[in-house]
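quick one: sequence plus predicted model below, questions after.
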Amino acid sequence: MDLNAFLEPITNFFASELGATISRVLHGIFQFLYPANSEAAHK
């Protein structure tokens, strides 16, 4: 299996304007749900 053949379309999608916007939204949701300074991170 050629890993590059699998990753290239994904990389191209996130390099596009729509993909970058979706990436930023998903990153914001992740940061909201799992903040870096949460209580669980210090235990």
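Ah, there it is.

going by C-alpha atoms from here, please, whenever you check contacts or count neighbours.
Will do.

so, low pLDDT: which residues of the chain?
Applying pLDDT under 70 to the chain flags the ranges 38, 40-43.

can you pull out the strands in it?
Applying DSSP state E to the chain gives no strands.

so what's Ile29 up against?
Contact analysis of Ile29 by C-alpha atoms under 8 Å, 6 or more residues apart in numbering lists nothing.

for Ala20, which non-adjacent residue is closest in space?
Leaving aside its sequence neighbours, Ala20 sits nearest to Phe14 (C-alpha to C-alpha, 6 or more residues apart in numbering; 5.2 Å).

tally of neighbours for that neighbour?
Phe14 has 15 neighbouring residues, counting by other C-alpha atoms under 10 Å.

how about Thr21?
Counted with other C-alpha under 10 Å, residues neighbouring Thr21 total 13.

so where's the longest helix in the protein?
As assigned by DSSP state H, the longest helix anywhere in the chain is helix 17-33.

distance from that one to the middle of the chain?
6 Å (C-alpha atoms, centre = their mean, to the nearest Å).

may I see the buried residues of it?
Neighbour-count burial for helix 17-33, counted by 16 or more other C-alpha atoms under 10 Å, picks out no residue.

C-alpha coordinates for it, PDB please?
What follows is helix 17-33, C-alpha atoms only, in PDB (Å, rounded to 0.1, in the frame of the first residue of the first chain):
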ATOM      1  CA  GLU A  17      -9.300  27.500   1.600                       C
ATOM      2  CA  LEU A  18     -12.300  25.300   2.500                       C
ATOM      3  CA  GLY A  19     -10.100  22.700   4.100                       C
ATOM      4  CA  ALA A  20      -8.200  25.300   6.100                       C
ATOM      5  CA  THR A  21     -11.500  26.700   7.400                       C
ATOM      6  CA  ILE A  22     -12.700  23.300   8.400                       C
ATOM      7  CA  SER A  23      -9.400  22.600  10.100                       C
ATOM      8  CA  ARG A  24      -9.600  25.900  12.100                       C
ATOM      9  CA  VAL A  25     -13.200  25.100  13.200                       C
ATOM     10  CA  LEU A  26     -12.300  21.600  14.300                       C
ATOM     11  CA  HIS A  27      -9.200  22.900  16.100                       C
ATOM     12  CA  GLY A  28     -11.300  25.500  18.000                       C
ATOM     13  CA  ILE A  29     -13.900  22.800  19.000                       C
ATOM     14  CA  PHE A  30     -11.000  20.600  20.200                       C
ATOM     15  CA  GLN A  31      -9.500  23.400  22.200                       C
ATOM     16  CA  PHE A  32     -12.800  24.200  23.800                       C
ATOM     17  CA  LEU A  33     -13.500  20.600  24.800                       C
END
